[in-house]
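Enquirer: pasting the sequence and the predicted model now:
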Amino acid sequence: MANDLKLEPPIQAVIDATNAGDNKAFVAAFTKDGAVNDWGRVFSGRAEISAWDKAENTGVQSQYRVTGVSRLNGEILVLLEVTGNGYNGTSTFSFRLKGGHVDSLEIG
């Protein structure tokens, strides 16, 4: 991963919302028909993304720390250290953007 940790605003919004425990801001960072793919489990649209977030992200007090960023063919790969009351460890989050929002987030 590259050393430049500056993120595009929609991705930074996802990270900031997570760290603040703000479900509404987290969901608002996505397109209306966006999706989260969490290790093969896909949550499509803002209602499903909100439910996933409440159960597995902000709802378990996740905290993200960016440790690397790279960009490849329209994907922004963000290496994160995740802590909280759910998953704890390092994971790569692959973002695709559309119209100033996150269109897809793949965790894995």
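Expert: That came through fine.
Enquirer: C-alpha from now on. contacts and neighbour counts both.
Expert: Noted.
Enquirer: residue 69 - that's part of a strand, no?
Expert: Yes: read with DSSP: H, G, I helix; E, B strand; the rest coil, residue 69 is one of the residues of a strand.
Enquirer: quick one: pLDDT of it?
Expert: Looking at residue 69, its pLDDT stands at 97.
Enquirer: same check, this time on the one 10 residues further on
Expert: As predicted, residue 79 sits at a pLDDT of 97.
Enquirer: residue 63 bridge partners, please.
Expert: As for beta bridges, residue 63 partners with residue 83 under DSSP bridges.
Enquirer: need the strands for this structure, in chain order.
Expert: For the chain, the strands defined by DSSP state E cover 30-38, 41-44, 63-72, 75-83, 89-98, 101-107.
Enquirer: return the most buried member of these.
Expert: Comparing the strands of the chain by mean neighbour count (mean count of other CA atoms under 10 Å), strand 101-107 ranks first with a mean of 21.
Enquirer: who touches the residue nearest to the spatial centre of the chain in this structure?
Expert: Residue closest to the average C-alpha location in the chain (CA atoms, centre = their mean): residue 14, at 5.3 Å. Contacts here follow CA atoms under 8 Å, 6 or more residues apart in numbering; on that basis residue 14 touches 25-26, 29.
Enquirer: one more pass at 7 Å, please.
Expert: For residue 14, the contact set (CA atoms under 7 Å, 6 or more residues apart in numbering) comprises 26, 29.
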